[in-house]
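Visitor: Quick check, what structure comes out for this input:
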Amino acid sequence: MKNRVSQKFAEIYGQGATLFASPGRINLIGEHTDYNGGFVFPGAVDKGIVAAIRLNGTDKVRAFALDLNESAEFGLAEEDKPAQSWACYIFGVCREIQKRGGVIGGFDTVFAGDVPLGAGMSSSAALESTFAFALNHLYNLGIEKFELARIGQSTEHNYCGVKCGIMDQFASVHGKAGHLMRLDCRSMEFTYFPFDPTKHGYRLMLVNSCVKHELVGSPYNDRRASCERVAAVLGQEFLRGATMEQLEAIKDKISEEDYLRARYVIGEEQRVLDVCEALERDDYETVGKRMYETHWGMSRDYEVSCEELDFLATVAEECGVTGSRIMGGGFGGCTINLVKEELYDNFVKTVTERFAAKYGHEPKVYPVVISDGSRLL
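Guide: Numbering: from 1, shown residues only. Down below sits the predicted model:
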């Protein structure tokens, strides 16, 4: 990818570009906890975005998206927003840097990516993080890493129409090979935890169902509202820190649906902490058990799974896979799986054949390696 990007840059703009990269991400555990003030547990992956960038001394950005074979040119003022959706990510990063007092000018760029689309690995966050990191470096702006992540998040909010949390950009910027990061979504403090499954005889992989169910209404907003209602009855801003005992004590004051939603979230907060403790003693079996508990909690209590994802988790259990769960918001997409090395090939073969026989198409399998975050190449 580096060579492709470099060659295309030289062909279009000439020599003298600098290469930067940012990764996509996975989240091992901690789903639907972010908006409840809880913990998430992401890591950067070995797939992402690579960009060749050279300052051009003008007030214009000239960009070429290699994978799409499309170009865009735009200025740096608010009214210069480009028409292409992919170019809005780059434009948004420039604008958000300027809003924070960063003085930048025009540049030429070619970029490409190998984050599988539709796999929930956040290619958009990788794109934002690449350009935020690069412009900070090239213009010597001195912006802290966490603020680079916020720049990416604000780009999504203000220029791409997505009201996302901070996890994707945070993981892309802060990633560290061989480590996952526990991010406290209330205080924004984070801690690195060692995670090197291959050293302990395991592999991490995604199985993409390649389905995304169209949803009636706003299921995410509905679930968030459930959590907020329960938190209000408990006298809290968020569900964060609530216990199962407290939930049981107010069970008669809330609806059955709100009770189930809160039961999942309170359990998930504890599961993240359990997994962190387990990794500190290299206990991957406990990690796997908590992953299954998360999956079935998301399926039965939070009701954000679907038939295909439940099927993938069931096949994983039957194949002896250590841990498997939905990764992401739900209703389609991927499962993330922790698999013993000796079971890996059989699981890939079995899950591919059985899923295809039942649903008429094969799932896509992506091995995952935990890698470094945004960087100069």
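
Visitor: how is the protein carved up into domains?
Guide: 2-195, 197-368 (automatic domain parsing).

Visitor: so which of the ones you listed comes closest to residue 376?
Guide: Within these, the stretch nearest residue 376 is domain 2-195; the backing value is 5.9 Å (Cβ to Cβ). Quick note: C-beta positions are derived from backbone N, CA and C, even for glycine.

Visitor: Report the contact partners of the residue lying closest to residue 239 once chain neighbours are set aside.
Guide: Using Cβ to Cβ, 6 or more residues apart in numbering and skipping the chain neighbours, the partner closest in space to residue 239 is residue 36 (4.4 Å). Contact analysis of residue 36 by Cβ atoms under 8 Å, 6 or more residues apart in numbering lists 185, 227, 231, 238, 239, 240, 265, 269.

Visitor: sec struct for residue 304, please.
Guide: coil (DSSP: H, G, I helix; E, B strand; the rest coil).

Visitor: OK, contacts around it?
Guide: 32, 219, 223, 298, 326, 329, 330, 331.

Visitor: And it, how far from residue 144?
Guide: Between residue 304 and residue 144 the computed distance is 34 Å (Cβ to Cβ, to the nearest Å).

Visitor: do the same with residue 67
Guide: Between residue 67 and residue 144 the distance, using Cβ to Cβ, works out to 31 Å.

Visitor: Of the two, which one has the most company?
Guide: residue 67 (15 against 10; other Cβ atoms under 10 Å).

Visitor: nearest residue to the more buried one other than its sequence neighbours?
Guide: residue 112 (5.3 Å).

Visitor: and what of residue 78?
Guide: Residue 78 sits nearest to residue 95 (Cβ to Cβ, 6+ apart), 6.6 Å away.

Visitor: Next: residue 310.
Guide: residue 299 (5.7 Å).

Visitor: Kindly report the same for residue 27.
Guide: residue 42 (4.5 Å).

Visitor: burial measure for the one you found, as a count.
Guide: Close neighbours of residue 42, defined as other Cβ under 10 Å, add up to 25.

Visitor: related to what we said a few turns ago, so which of the contacts of residue 36 are in strands?
Guide: Judged by DSSP state E, strands contain none of the contacts of residue 36.

Visitor: Tell me which of those residues fall in helices.
Guide: 227, 231, 265, 269 (DSSP state H).

Visitor: picking that back up, residues touching the residue nearest to residue 27, list them.
Guide: 25, 26, 27, 28, 30, 167, 168, 170, 171, 180, 181, 183.

Visitor: strands paired with the helix or strand encompassing residue 26, and their directions?
Guide: Following DSSP states H and E, one finds residue 26 within strand 18-27. Strand 18-27 has the following strand partners under DSSP bridges: strand 42-55 (antiparallel), strand 375-376 (antiparallel).

Visitor: Need the mean per-residue confidence for the shortest one.
Guide: pLDDT averaged over strand 375-376 equals 98, rounded to a whole number.

Visitor: And for it, what's in contact with it?
Guide: 18, 19, 20, 21, 22, 133, 137.

Visitor: and of those, the nearest to residue 86?
Guide: residue 22 (15.0 Å).

Visitor: Quick check: the closest one touching residue 129?
Guide: Yes - using Cβ atoms under 8 Å as the test, residue 22 is close enough to residue 129 to be in contact (3.8 Å).

Visitor: who touches both of these two?
Guide: With Cβ under 8 Å, 6+ apart as the test, residue 22 and residue 129 both reach 49, 172, 173, 373, 374.

Visitor: Lovely, talk soon.
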